[in-house]
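Student: quick one: sequence plus predicted model below, questions after.
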Amino acid sequence: MARTDDVDPADHTDHIRYVPVGFIFKDRKELAEARVHPSLENGIYRGPIQQAGVPEPAKSIVMSNRPEYPNEDSWETFTYIGMGGRGSDDDEEKSTHGGPQTADQSFDHPMNKALQVAQKLGTSVRVTRGAGASEFAPP
């Protein structure tokens, strides 16, 4: 996919000229390479540089179709469950990803906090729907 602008889409949430709304990416790797949502694993992306103590708004999210994340989607509005609350496969320590859901997500998690900051600032957050995440997502 050729880039047609000089703005890094990972650093803003506006329309990306070379990615039309509704474009279907083959997988998360292709999505990350296009810089629409640069993280291969995290469902929330808040930018490449974080300054200590500076609240950074979320830039983008990927809605999952995983049963432990019952996201709700009605196209114009949606409920996004967030990140965290998962224990690792090897121990009971809570991690961003790993084992089964062991606790509720919290705004103490830096990525969830970034969503809260975006809401408070009124900044846009780019939404990508994972395959099968809702009736509006690709199959």
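Tutor: Arrived safely.

Student: can you show me the helices along the chain?
Tutor: 28-33, 110-121 (DSSP state H).

Student: for the longest one, which positions count as buried?
Tutor: Think helix 110-121. Buried positions in helix 110-121, judged by neighbour count with 16 or more other C-beta atoms under 10 Å: Met111, Asn112, Lys113, Ala114, Leu115, Val117, Ala118. C-betas here are computed from N, CA, C, even on glycine.

Student: which residues of the protein score low on pLDDT?
Tutor: Low-confidence segments of the chain (pLDDT under 70): 1-14, 48-53, 68-69, 86-101.

Student: switch the cut-off to 80
Tutor: Along the chain, segments meeting pLDDT under 80 span 1-17, 47-55, 65-71, 84-104.

Student: name the residue closest to the centre of it, please.
Tutor: Ile61 (2.0 Å; C-alpha atoms, centre = their mean).

Student: still on that earlier bit, closest one to Pro57 among the helices of the chain?
Tutor: With C-beta to C-beta, the closest approach to Pro57 among these belongs to helix 110-121: 3.7 Å.

Student: helices or strands next to the closest one in the packing?
Tutor: Helices and strands touching helix 110-121, by 3 or more C-beta pairs under 8 Å, 6 or more residues apart in numbering; DSSP states H and E, are strand 44-45.

Student: report the contact partners of the residue lying closest to Ala131 once chain neighbours are set aside.
Tutor: Among residues not flanking Ala131 along the chain, Pro138 sits closest, at 5.3 Å (C-beta to C-beta, 6 or more residues apart in numbering). Pro138 makes contact with Ile24, Arg129, Ala131, Gly132, according to C-beta atoms under 8 Å, 6 or more residues apart in numbering.

Student: how about a cut-off of 10 Å?
Tutor: Residues near Pro138 by C-beta atoms under 10 Å, 6 or more residues apart in numbering: Gly22, Phe23, Ile24, Phe25, Arg129, Gly130, Ala131, Gly132.

Student: from those, list the buried ones, please.
Tutor: For the contacts of Pro138, a neighbour count by 16+ other C-beta under 10 Å gives the buried set as Phe25, Arg129, Gly130.
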